[in-house]
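Undergrad: quick one, structure for this:
(one chain, ligands or ions: 1)
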Amino acid sequence: MLEVVHEFIEKHQLLERGTTVVVGVSGGPDSLALLHFLWSQKERYDIQLVAAHVDHMLRGKQSEEDMYFVKHFCEQRSIICEATQLNVPVYIEQTGKGVQEAARDCRYTFFKQVMSKYHAHYVALGHHGDDQIETVLMRLVRGSTTRGYAGIPVKRPFGSGYIVRPFLCIDRRQIEQYCRQNGLHARHDPSNEKDDYTRNRFRHFVLPFLKKENIRAHEHIQQFSEMMSEDEAFLEQLTKEKLKHVADQKEGCVRIDILSFMSMPKPLQRRGIQLILNYLYGNVPSSLSSIHINQALQFLKRQHPSGVLHFPNGLKVIRQYEVCIFTFQQEQTSEYEFLFHVPDTLILPNGCQLISQLVDHYPFVEGDDYVVFDADQLRLPLRVRTRNHGDRMKVKGMEHPKKVSRIFIDEKIPASERAQWPIVEDANGNIIWIPGVKKSAYTATNITKNRYIVLHYKKQ
Ligand SMILES: Nc1ncnc2c1ncn2[C@@H]1O[C@H](COP(=O)(O)OP(=O)(O)OP(=O)(O)O)[C@@H](O)[C@H]1O
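TA: Numbers count the residues shown, from 1 in each chain. The predicted structure follows:
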């Protein structure tokens, strides 16, 4: 086992000579073996060690005992130990995060503090080859991004240096063997047994089958993960270069030229969307998934020239003809004007739809979201646009045209929505309908004909 790990460290340049390594030690077999391994090899690598342990205060007395266990283990070997108790339950209450995510947040913040205190270059963690199998399979089954399918990275930037995982090349069985050979009696975390965590179900049901097929399955999955990471890094770089020509970003807003974007090869389109989302979110929310990337791609491809997609945390994807804008900005001042054919479905920048239909009898539809016109009286084509200064409409049942601005006020349309509200006019420039608000005098009065145009305003 030792040689395999040495080769792996060498291959990925996981440890630089003369540096300090913080080892995250939970007290379980994996991280205890890692600490012991690096301690026994510290002359070979010329490294200083600091063990870092976090009691997440989730398992009462038992997790406190884990902390004393790690401290004692380090004392016996003169290893510096930084141990702390962090109140994860309170953090969960404050943030509403899940237990695993919350514990991880707290732990990683502590690792950064320890790193900075000791000017360390590395945080070494005890993830191993079986963790890798579980992670890759779980992501394939649940769906993830291309970067996600690559699984757990061997080395990634973190704080003032890197997180490294020297044990990804070996599996649980080899670690247990190492523990036995070196007389290491690790602590036992009962939450690893429960089948109510997805990971544990993969561990208990899928892994034994794979190991039976091939005892070295972890090596192959690790190779797959490394190949995926390399391919991904290359394609991401390529995407970044291409994006420079089709997108521009300013003040938390990205604008892309749709035609040029869609002329990029498909694998770059997908990564392009991912990069834009990474850039805008900074920390991509967990509610964002590959489904959103697919949605955005479909949205760019479809026939309709306009519309809005709503993504988590208030991010909007707005399509306006040949341009698509990704933005968190609330106020969209942009005016619009669209031709509105019959029949057609128009998706408006406010996310609502306008649907037109030609029917052969008078439809008895009610409310301000529907309007019916006599097809022989209406001058086509229709247009849908935002309001203009001085707009007036002949309101049904009123003698004089009424100012559109007055109608908005009387109908209590929120001021913030008026600039984006659709107004429908005929080919003569007469306003024939304010969808969802008011009908005009141009609506059909004779109900015995056989050609009517029905317009429907479908709110989100
Ligand atoms: N409470 C903790 N304090 C410090 N480091 C931790 C802690 N929990 C996990 N780690 C680090 O993160 C790695 C992965 O954690 P994970 O919870 O997936 O595994 P684990 O079951 O805790 O592994 P181990 O056998 O090391 O206990 C651990 O191997 C260890 O390096």
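Undergrad: hey, C-alpha coordinates of the helix or strand harbouring residue 39 in PDB?
TA: Assessed by DSSP states H and E, residue 39 sits inside helix 29-40. C-alpha atoms of helix 29-40 as PDB (Å, rounded to 0.1, in the frame of the first residue of the first chain):
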ATOM      1  CA  PRO A  29     -10.000   5.000  10.400                       C
ATOM      2  CA  ASP A  30      -9.300   6.900   7.100                       C
ATOM      3  CA  SER A  31      -8.100  10.100   8.600                       C
ATOM      4  CA  LEU A  32      -6.300   8.400  11.400                       C
ATOM      5  CA  ALA A  33      -4.400   6.200   9.000                       C
ATOM      6  CA  LEU A  34      -3.600   9.300   6.900                       C
ATOM      7  CA  LEU A  35      -2.200  11.200   9.900                       C
ATOM      8  CA  HIS A  36      -0.200   8.200  10.900                       C
ATOM      9  CA  PHE A  37       1.100   7.600   7.400                       C
ATOM     10  CA  LEU A  38       2.200  11.300   6.900                       C
ATOM     11  CA  TRP A  39       3.700  11.300  10.400                       C
ATOM     12  CA  SER A  40       5.700   8.200   9.700                       C
END
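Undergrad: what residues sit buried inside that helix?
TA: Using 16 or more other C-beta atoms under 10 Å as the test for burial, helix 29-40 gives 29, 30, 31, 32, 33, 34, 35, 36, 37, 38, 39. From N, CA and C alone the C-beta is placed, and that goes for glycine too.
Undergrad: who touches the last one in this structure?
TA: Translated: residue 39. Going by C-beta atoms under 8 Å, 6 or more residues apart in numbering, residue 39 touches 49, 77, 79.
Undergrad: can I get those residues in JSON lines including neighbour count and pLDDT?
TA: Shown next, in JSON lines, are the contacts of residue 39 (neighbours: other C-beta atoms under 10 Å; pLDDT from 0 to 100):
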{"residue": "49", "neighbour count": "22", "pLDDT": "97"}
{"residue": "77", "neighbour count": "13", "pLDDT": "94"}
{"residue": "79", "neighbour count": "21", "pLDDT": "96"}
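Undergrad: and residue 258, what pLDDT?
TA: With respect to pLDDT, residue 258 scores 90.
Undergrad: want to throw the buried residues of helix 29-40 into a markdown table with distance to residue 108?
TA: Output for those, formatted as a markdown table (distance: C-beta to C-beta, whole Å):
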| residue | distance to residue 108 |
| --- | --- |
| 29 | 22 |
| 30 | 17 |
| 31 | 15 |
| 32 | 20 |
| 33 | 21 |
| 34 | 17 |
| 35 | 18 |
| 36 | 23 |
| 37 | 22 |
| 38 | 20 |
| 39 | 23 |
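Undergrad: near the ligand, list only the ones from those residues.
TA: 29, 30, 31 (C-beta under 6 Å from any ligand atom).
Undergrad: where in the stretch 151-300 of the chain is pLDDT low?
TA: Along the stretch 151-300 of the chain, the parts satisfying pLDDT under 70 run over 191-196, 286.
Undergrad: ranges for the helices of it?
TA: Listed in chain order, the helices of the stretch 151-300 of the chain (DSSP state H, counting those that start in this stretch) span 172-181, 198-201, 207-213, 217-246, 258-262, 266-281, 290-301.
Undergrad: name the stretch among the ones you listed that sits most buried.
TA: Counting by mean count of other C-beta atoms under 10 Å, helix 266-281 has the highest mean neighbour count of the helices of the stretch 151-300 of the chain, with a mean of 19.
Undergrad: what packs against it?
TA: If contacts are counted by 3 or more C-beta pairs under 8 Å, 6 or more residues apart in numbering; DSSP states H and E, helix 266-281 sits against helix 146-149, helix 217-246, strand 247-250, strand 253-257, helix 258-262, helix 290-301, strand 315-320, strand 323-327.
Undergrad: for the third one, what is the distance to the chain centroid?
TA: Looking back up the chat, that one is strand 247-250. 20 Å (C-alpha atoms, centre = their mean, to the nearest Å).
Undergrad: just the fourth one next, same as before
TA: How far strand 253-257 lies from its chain's middle: 18 Å, per C-alpha atoms, centre = their mean.
Undergrad: and the strand or helix carrying residue 10, what's buried?
TA: Residue 10 belongs to helix 2-11 when assigned by DSSP H and E. Neighbour counts over helix 2-11 (16+ other C-beta under 10 Å) mark 5, 6, 8, 9 as buried.
Undergrad: widest-spaced pair of those?
TA: Farthest pair in the buried residues of helix 2-11 (C-beta to C-beta) is 6 and 8. Separation: 7.2 Å.
Undergrad: so residue 445 sits in a helix?
TA: No. Per DSSP: H, G, I helix; E, B strand; the rest coil, residue 445 lies outside any helix segment and is coil.
Undergrad: so in terms of bridging, what pairs with the nearest residue to it once chain neighbours are set aside?
TA: Take residue 445 and drop its neighbours on the chain: the residue closest to it by C-beta to C-beta, 6 or more residues apart in numbering is residue 374, 7.7 Å away. Note on residue 374: beta-bridge partners by DSSP bridges are residue 452.
Undergrad: thanks a lot, see you next time.
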